[in-house]
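Undergrad: No letters, just coordinates:
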């Protein structure tokens, strides 16, 4: 099975997605009610992201497989996150080889666990929350853009956001931190959107939304989820009429208390119930700031350079220019201050931090597209005013605007991930697919419940435990560990990599497995022997 053979039946999803995007542009420009264009945008996004999620029916090694297994296990015990279930042999505190798993905050895992509880344990159900969140982000961006300047800003910023190649890598888990960062950008953006809605309407329900989304963001990726309050506070301080009035801070405080009520209970729960592991993980979070963790380092400009990966080539230069232009546009002062604050604070914080990861500043991506599009939509607005005064047809502006942004979408939309053109990716896809089908074959063998599997390729036991109902460890047990397993009544299975030691090969009670999971094994079919 090749990538193209596997994805060919789903190509209609790509065609549907692009058709719906074109329809959404036409509906936006020529139909009065904009909700129809937003519905088309959502459905097109759902189709595109579903195609990408389905294109990889297996788990990726970093970090998706670990998140997937923990989420699967949480389906059986929602508030007890585990990686290795019922460990008999020793395990480590390290997040890739531990029993109790508190390495990440739990909310994105809860989402995946719930999805798999409803739709079954499979990679599409695992990724379905990401598909829904990614498809909903353009709606939030639209609302923010509409409040900031105009419907046109909101719609075209949302449309161009969907060209982000970086987003396509998070949904199927091909990029490390995958579903965790997808959830984080969603909930942080939701807190931004709620703030704009509150400033625009004054409706108190948006205070609840700000607090709720910020609290959930903390329950996804820790304290940067509070960033909405930094920008909000600076808008109060920047206004001479509000900075010295205590009452001006009351609404912020109300939302913040809601955030605490959402995020704090889990922290107290794990500190009380799992004090040793939770304190270890909290300490590790702190270490990320002043020490490079797991080799994730980079220069001071690392996160500025990531802006090109989020959008397109050379955008690390265009974004600062666009931000300066944005500050001179005819837009409310509070909106300029809050956007500038969020961009500068997040970028500086992660730039100072010693540990660098590519998705850290992706939470700003919605704002990036807004500031990039705003000068153009304001220019079109002025041109429309001139043409109306000159008694020219309004459709000239609509066609010009539609054409320019459609061309921009065409050139910014990268399909290399979707097409899987890279030879390296094609080879890796086949290898991962073979491994996954091998695991599913074993699942169907109806082996004893106490069966345990050993000696996998590159953390393969984690992927194996997701696709089957058996326990496994990636290492090869030594003689004393074999003895312990036997004493515990375990049926031992070992994958043969052509390097098995004599104590394994000569023990007829241990089942050996010839399979394609070890690279260069040249084994095409599953074979068990003693």
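TA: Structure's in. What do you need? The structure displayed is predicted, hence computed values, not measured ones.

Undergrad: so where's this protein shaky on pLDDT?
TA: Low-confidence segments of the chain (pLDDT under 70): 294-296, 313-314, 387-394, 414-425, 519-522.

Undergrad: which non-adjacent residue is nearest residue 216?
TA: Leaving aside its chain neighbours, residue 216 sits nearest to residue 187 (4.7 Å; criterion: Cβ to Cβ, 6 or more residues apart in numbering). Using the backbone N, CA and C atoms, a C-beta is placed for each residue, glycine as well.

Undergrad: Could you pull out the strands in the stretch 201-350 of the chain for me?
TA: Shown for the stretch 201-350 of the chain, no strands are assigned by DSSP state E, counting those that start in this stretch.

Undergrad: Confirm that the residue nearest to residue 216 sits in a strand.
TA: No: in this structure, residue 187 is helix, not part of a strand, as judged by DSSP: H, G, I helix; E, B strand; the rest coil.

Undergrad: Does it touch residue 210 like I think?
TA: No: counting by Cβ atoms under 8 Å, residue 187 does not reach residue 210; the two are 11.1 Å apart.

Undergrad: Look at these two and report which has more neighbours.
TA: Shown here are residue 187 and residue 210; by other Cβ atoms under 10 Å, residue 210 has more neighbours (27 against 24).

Undergrad: Now do the same contact list for that one.
TA: 191, 194-195, 198, 228, 255, 258-259 (Cβ atoms under 8 Å, 6 or more residues apart in numbering).

Undergrad: Over to residue 490?
TA: Applying Cβ under 8 Å, 6+ apart to residue 490 gives the contacts 88, 450-452.

Undergrad: phi, psi of it?
TA: In terms of degrees, to the nearest 10, the main-chain angles of residue 490 are phi -90, psi 140.

Undergrad: swap in the one 4 residues further on?
TA: Dihedral angles of residue 494 (phi, psi; degrees, to the nearest 10) stand at phi -130, psi 130.

Undergrad: Tell me, how many residues neighbour it?
TA: The local packing of residue 494 (other Cβ under 10 Å) involves 21 other residues.

Undergrad: now swap in residue 302 and tell me
TA: 18.

Undergrad: what about it, distance to residue 92?
TA: According to Cβ to Cβ, to the nearest Å, residue 302 and residue 92 sit 29 Å apart.

Undergrad: same deal with residue 270?
TA: Counting by Cβ to Cβ, the gap from residue 270 to residue 92 is 19 Å.

Undergrad: Tell me which of these two has more neighbours.
TA: The residue with more neighbours, out of residue 270 and residue 92, is residue 270; 21 against 10, by other Cβ under 10 Å.

Undergrad: is it true that that one touches residue 279?
TA: No: at 9.4 Å, residue 270 and residue 279 do not qualify as touching, with contact defined as Cβ under 8 Å.

Undergrad: where along the stretch 401-530 of the chain do the helices fall?
TA: With DSSP state H, counting those that start in this stretch applied, the stretch 401-530 of the chain shows helices at 416-419, 423-443, 460-467, 479-487, 502-505, listed in chain order.

Undergrad: Now the second one: buried residues?
TA: Counting neighbours by 16 or more other Cβ atoms under 10 Å, one finds that the buried residues in helix 423-443 are 428-429, 432-436, 438-439, 442.

Undergrad: Now render those as CSV, adding distance to residue 31.
TA: As requested, these are exported to CSV (distance: Cβ to Cβ, whole Å):
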residue, distance to residue 31
428, 44
429, 41
432, 44
433, 43
434, 49
435, 49
436, 44
438, 51
439, 49
442, 54
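
Undergrad: ok, residues contacting stretch 285-299?
TA: The list of residues contacting stretch 285-299 from outside it, by Cβ under 8 Å, 6+ apart, reads 222, 284, 352-357.

Undergrad: quick one: which of those has the most company?
TA: In terms of neighbour count, residue 357 stands highest of the contacts of stretch 285-299 at 21 neighbours, by other Cβ under 10 Å.

Undergrad: quick check, that residue in a strand?
TA: No: counting by three-state DSSP, residue 357 is not found in a strand; it is coil.

Undergrad: Ignoring the adjacent residues along the chain, who's closest to residue 471?
TA: Residue nearest to residue 471 in three dimensions, not counting chain neighbours: residue 452, with 5.0 Å by Cβ to Cβ, 6+ apart.
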